[in-house]
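> Provided below are the primary sequence and the corresponding predicted coordinates.
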Amino acid sequence: MKKQKALIIIKPDGVQRGLIGKIVSRFEQVGLKIIGLKFELATKEKIITHYPETEIWFKKVGERTLTNYVKKGLDAKKVFGTDNPITIGKTVKKWLIDYLQESPVFIIAVEGYECIEIVRKISGNTIPVLASPGTIRGDFSHDSIDLANEQNRPLRNIIHASDTVEDGEKEVALWFKPEELFSYKKADEKFMYSD
Ligand code: ATP
Ligand code: MG
């Protein structure tokens, strides 16, 4: 089995609330290897590239919004002026561009077996009210789509975490230069695997 890479971004709400240390330690304690970490003021161009500029991504985000509105008996048209999922996804992306530039973001690259599955599990549900206790989003935030959209902003959910093996590779390469990534042996590797 091959090791995977994942990118975690501590978003401005996590940085401004002083959660960097606590969040980094959650990825360390599960045994993932930190191969890069740094502060960065994200540029608009980088954020645009980071969140896919594809119909599939816009639709996924828009449909999540619509599902939530239907469940709550709310009307998406009142907030977004439309119930087209792609248009809603595009609005959310515009909000994300502003949100991620509110302060420096703290970026972490991790590596390990089943890395993607693990970082998503530790991160918790995208929607903080639905994120389980014990996850980063569940323990440190309680935002909801209804509240966020009413305030014309994206969910403040503390972190980003890569969600596919391909995205993990792509995102680590987007945010880190090769010389900012490090390869080394961790002491616990010999107890965790028979590598
Ligand atoms: P991330 O990519 O940040 O790890 P995710 O993969 O769990 O989050 P995505 O579907 O990729 O979720 O959405 C990207 C980000 O857009 C979310 O983390 C959240 O901040 C914001 N977002 C997504 N859907 C909505 C929505 N319906 N309303 C407001 N914000 C949203
Ligand atoms: Mg995502």
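Cool, the structure landed. Ligands and ions are numbered 1, 2, ... in the order given.

> measure the residue nearest the centre of the chain to ligand 1 for me?
By C-alpha atoms, centre = their mean, the mean C-alpha position of the chain lies nearest to residue 160, the distance being 1.2 Å. Residue 160 is 3 Å from ligand 1, where distance means C-beta to the nearest ligand atom, to the nearest Å. Where C-beta positions appear, they are placed from N, C-alpha and C, glycine not excepted.

> I'd like to know which elements the longest helix anywhere in the chain is packed against.
Criterion DSSP state H: the longest helix present in the chain is helix 55-72. Packed against helix 55-72 by the contact rule (3 or more C-beta pairs under 8 Å, 6 or more residues apart in numbering; DSSP states H and E) you find helix 76-80, helix 85-99, helix 145-150.

> okay, angle between the host helix or strand of residue 110 and helix 85-99 too, please.
Taking DSSP states H and E as the criterion, the element that holds residue 110 is strand 105-112. Between strand 105-112 and helix 85-99, the angle comes out at 110 degrees (axes from the mean of the first three to the mean of the last three C-alpha atoms, to 10 degrees).

> which other helices and strands contact strand 105-112?
Checking 3+ C-beta pairs under 8 Å, 6+ apart, strand 105-112 ends up next to strand 4-10, helix 12-16, helix 20-29, strand 33-40, helix 165-175.

> any buried residues in the second one, and which?
Judged by neighbour count (16 or more other C-beta atoms under 10 Å), helix 12-16 contains these buried residues: 12-15.

> near ligand 1, anything from it?
No - using C-beta under 6 Å from any ligand atom, helix 12-16 stays clear of ligand 1, coming no nearer than 9.6 Å.

> which residues touch that helix?
Residues outside helix 12-16 that contact it (C-beta atoms under 8 Å, 6 or more residues apart in numbering): 20, 23, 99-106, 140-141, 156-159.
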